[in-house]
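[1] Below: sequence and its predicted model.
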Amino acid sequence: MVDVASLPWADVDAAIAANAASALEFLGRLIKVKSTVGAEAPAQEVVAGELDRLGFEVTRLPIPEQTAERAPAGVAQASYAGRTNVWGRINPGRSPSLLLNGHVDVVPAEDDLWASDPFMPQLQDGWMTGRGAGDMKGGLAMGLLAISALRDAAGNRNGADLISGELGFLSVIEEECTGNGTLAAANAGALGDAVVLLEPTNQEVLLGGVGVLWLEIGLAGIPAHAEAADRAVNPIKSIPVILDALSRLETHMRDSVADPAFSGVQSPYNINVGTVRAGDWASSVPGRAAMRVRVGFPRAWTPAQALDQVTAAIEAAAAADPWLSGHPPTIREIGFRAEGFLLRPDHPLAEAIARAHEMAHGTPPPSGVLGATMDARYYLNQFGRPALAYGPTARNIHAADEAVEIASIVAGARTLARFIAGYFAAGGLPQLADGATVPPGERDWVADREAPV
Ligand SMILES: [Zn+2]
């Protein structure tokens, strides 16, 4: 086995420093492409071009429409025609394999709340600002910076190849709403023996996340001229009933559903009302209202069980309301049907990333879990591959003036380069006796959840 400490780290770090400007330039170009859902294709071309420049074999993977048919896939946001994943590979087919995963889709920006145009990157005080800078175009830049440095450092040493197996780089779409990009790619065989997601983790090791469901709750009213509002029914007035019901469910989940792995997260199961739509005229009583809601839920529940819980909570509240009891709210799934997930903290993948971080920065990184989801869930729950997230430091993700810290992209690349080279030098990860990626004792309910519903 190759002694990792003897690998040419001074050369690799020098190459990271030398290539950092080019990685930032790539990041700036990528932020300028407004890759909100449905409009990801031009951003994927930027990534494909960069992968090609760095010597990857690039494949565009279409997403079959049937990917979205049933949970744990999400409800598709638009047709997948013309919307592909991009998969780059070095040494395709060679063992062991390692996959890096990132997404190009970004959430919309409330433009007028920003200090500057969200899609015109600004570099100031060591941070790059722009929608997607943190979540997670900065991670894509970090991953490619590490790989370009490994290749350059190896080239300088006349072919001492630091990437000896298949190194995949998968750029997906719809991570922010369904996860169907990653699911389709994994179904098509774009996998690795281990997977690292380049999400913005502040250089911490992120091992797990909660379940997430997206729902639209519809409320009916009786439309009228405002003059007759006292005799009509305004559905906006029913919204507080729903807010109360959701708030009670949130409290119930937080206080009554024990999950020791998430005990350090103050409020793991947030229910967020992200949009409320009703009406089109100040002098009209609207005929309907619609609330779009993101429900975080415990790992022990399936998405179907979570839907049952939300439905029961809303039905109970509606039954006690004079109008809603006769005009029950409608509930439909509109995106995420994501299961919770967890990589066991003592898994060799978690240990290898922590070791690489310590080798690069002197101290081991914190590790933890998050009250949110990531595409890592598919690798762990459906494909039995160890997966975790490690990425740069970001602020204001999903909010105004989102930014990524440039120094953390460079620092993260130093960790990642050590992890990648160490992984291949060791011939992959040591195998656990039981091969399990989930914590001992959890296999049963994970298996239960995968039973057809
Ligand atoms: Zn993300």
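    Cool, the structure landed. Numbers count the residues shown, from 1 in each chain.
[2] and the residue nearest to Asn270 when sequence neighbours are not counted, what is it in contact with?
    Among residues not flanking Asn270 along the chain, Gly296 sits closest, at 5.0 Å (C-beta to C-beta, 6 or more residues apart in numbering). Glycine gets a C-beta too; all of them are placed from N, C-alpha and C. By C-beta atoms under 8 Å, 6 or more residues apart in numbering, the residues touching Gly296 are 210-212, 253, 268-271, 371-372.
[3] Also Glu176?
    Glu176 touches 37, 103, 105-107, 135, counting by C-beta under 8 Å, 6+ apart.
[4] same deal with Arg131?
    31, 34, 106-109, 118-119, 402 are the contacts of Arg131 under C-beta under 8 Å, 6+ apart.
[5] Also Gly181?
    Contact analysis of Gly181 by C-beta under 8 Å, 6+ apart lists 63, 85, 103, 105, 172-175, 375.
[6] pLDDT value on Thr59, please?
    Confidence at Thr59, expressed as pLDDT, is 98.
[7] Given the helix or strand harbouring it, what are its sheet partners and their directions?
    Here Thr59 is covered by strand 57-61, with elements defined by DSSP states H and E. Strand 57-61 pairs in its sheet with strand 85-90 (antiparallel), by DSSP bridges.
[8] what inclination does the helix or strand just after the partner strand have with respect to strand 85-90?
    With elements assigned by DSSP H and E, the helix or strand that comes after strand 85-90 is strand 97-103. Strand 97-103 and strand 85-90 are oriented at 150 degrees to each other (axes from the mean of the first three to the mean of the last three C-alpha atoms, to 10 degrees).
[9] Which elements pack onto whatever helix or strand comes next after strand 97-103?
    Using DSSP H and E, the helix or strand that directly follows strand 97-103 along the chain is strand 122-124. Applying 3 or more C-beta pairs under 8 Å, 6 or more residues apart in numbering; DSSP states H and E, we find strand 122-124 packed against strand 127-129.
[10] in its sheet, what does the strand it packs on sit against?
    In the sheet, strand 127-129 lines up with strand 122-124 (antiparallel), strand 403-405 (antiparallel) (DSSP bridges).
[11] Please identify the most buried of those.
    Highest mean neighbour count of those: strand 403-405, a mean of 26 (counted as mean count of other C-beta atoms under 10 Å).
[12] That one close to the ion?
    No. Interface with the ion: strand 403-405 contributes nothing (C-beta under 5 Å from the ion), its closest point being 11.8 Å away.
[13] And the contacts of that strand?
    27, 126-130, 133-134, 137-138, 200, 392-396.
[14] Downstream of that strand, the next helix or strand is which one?
    Assignment by DSSP H and E places the next element after strand 403-405 at helix 406-425.
[15] Of the contacts of Glu176, just say which sits nearest to the ion.
    Asp135 (4.2 Å; C-beta to the ion).
[16] these two touch, right, the closest one and Asn396?
    No. Asp135 is beyond contact range of Asn396, at 9.6 Å (criterion: C-beta atoms under 8 Å).
[17] shared neighbours, those two?
    Common neighbours of Asp135 and Asn396 (C-beta under 8 Å, 6+ apart) are Glu402.
[18] Compare the two (neighbour count), which wins?
    Between Asp135 and Asn396, counted using other C-beta atoms under 10 Å, the more crowded position is Asp135 (23 against 15).
[19] Setting aside sequence neighbours, what's the nearest residue to that one?
    Ile397 (4.1 Å).
[20] Pull up the gap between that neighbour and the ion, please.
    7 Å (C-beta to the ion, to the nearest Å).
[21] can you pull the contacts of Val37?
    77-78, 105, 173-174, 176-177.
[22] and the gap between it and Arg231?
    41 Å (C-beta to C-beta, to the nearest Å).
[23] just to revisit the earlier point, what's in contact with the strand holding Thr59?
    In contact with strand 57-61 (C-beta under 8 Å, 6+ apart) are residues 44, 48, 51-52, 84-90, 92, 184-185, 188, 190.
[24] how close does the closest residue to Ser116 other than its chain neighbours get to Glu175?
    Nearest non-adjacent residue to Ser116, counting by C-beta to C-beta, 6+ apart: Gln122, 5.3 Å away. Counting by C-beta to C-beta, the separation of Gln122 from Glu175 is 24 Å.
[25] repeat for Val37
    Val37 is 10 Å from Glu175, by C-beta to C-beta.
[26] got the residues of the chain near the ion?
    So far as C-beta under 5 Å from the ion goes, the chain lies against the ion at 135-136, 199.
[27] would you turn those residues into a markdown table with secondary structure and pLDDT?
    Formatted as a markdown table, those follow (DSSP: H, G, I helix; E, B strand; the rest coil; pLDDT from 0 to 100):
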| residue | secondary structure | pLDDT |
| --- | --- | --- |
| Asp135 | helix | 97 |
| Met136 | helix | 98 |
| Glu199 | coil | 98 |
